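*Asks:* Got a predicted model here, sequence first, then my questions.
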Amino acid sequence: MRKIIMLCLTLALTAGLIAGCGGGGKGMQRLTGLSPEQVVATFQDLAKHQKYTEAALYVSPVSLASLSVSNFLKDDLGLSNVASSNLLSVRQLGQSGDFAVVLATLQDGVNTSNISVKVIGLERIKGEWYIVDNDTIAREAKYRLLQDLISNVL
């Protein structure tokens, strides 16, 4: 009887150690210290490789509350096939306080002439830049400054 109890305790302890030693996989982390241009480039690269959960780390929490990464890619960036899209260039157009605007030139598909130029708004939260979708910028009062900044560069 004592051997059975010891065996059960050993198995329980071993199971506990295995569970506590990281069977859950590698946690996703956002790269820190990126410029607005780097945030957009990193977001697009992750989305292109269908890493939508990781790409979401670069979208503002307010935007994520109302839309998914794939909807942002289709609605705001106009990409029909993200996997075959290319970010040709990204350039910061302006910044005011915790808001910035970048201009992204995107190719929708490989070997196509379907090229679009999109203005993307970003917000700095706790020192890090996050993409804000157009509907949130238009809807939320706190983004009025960002809306004005976008209007000035168009």
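*Replies:* Perfect, thanks for sending it. The structure presented is a predicted model; accordingly, all values stated were derived computationally and were not measured.
*Asks:* Spit out the contact partners of the closest residue to I120 other than its chain neighbours.
*Replies:* Once flanking residues are discounted, I120 sits nearest to V102: 5.1 Å by Cβ to Cβ, 6 or more residues apart in numbering. (Glycine included, C-beta is placed from N, CA and C.) Each residue near V102 by Cβ atoms under 8 Å, 6 or more residues apart in numbering is listed here: P36, E37, V40, V90, R91, Q92, L93, V119, I120, L122.
*Asks:* Show me how to select, in PyMOL, the buried members of these.
*Replies:* If you want just the buried ones from those in PyMOL, going by 16 or more other Cβ atoms under 10 Å, the selection is:
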select buried, resi 36+37+40+90+93+119+120+122
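*Asks:* In a markdown table: the contacts of V102, plus distance to T53, secondary structure and pLDDT.
*Replies:* Output for the contacts of V102, formatted as a markdown table (distance: Cβ to Cβ, whole Å; DSSP: H, G, I helix; E, B strand; the rest coil; pLDDT from 0 to 100):
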| residue | distance to T53 | secondary structure | pLDDT |
| --- | --- | --- | --- |
| P36 | 22 | helix | 97 |
| E37 | 23 | helix | 97 |
| V40 | 18 | helix | 96 |
| V90 | 22 | strand | 96 |
| R91 | 28 | strand | 96 |
| Q92 | 26 | strand | 96 |
| L93 | 29 | strand | 94 |
| V119 | 26 | strand | 92 |
| I120 | 20 | strand | 93 |
| L122 | 20 | strand | 96 |
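*Asks:* between the contacts of V102, which is closest to N71?
*Replies:* Taking Cβ to Cβ as the measure, N71 sits nearest to I120 out of the contacts of V102, at 14.9 Å.
*Asks:* Relative to E128, how far out is the closest one?
*Replies:* Distance from I120 to E128, counting by Cβ to Cβ, to the nearest Å: 16 Å.
*Asks:* All the strands of the protein, residue numbers only.
*Replies:* 86-96, 99-107, 115-125, 128-132 (DSSP state E).
*Asks:* Quick check: which of the ones you listed is buried the most?
*Replies:* strand 128-132 (a mean of 22; mean count of other Cβ atoms under 10 Å).
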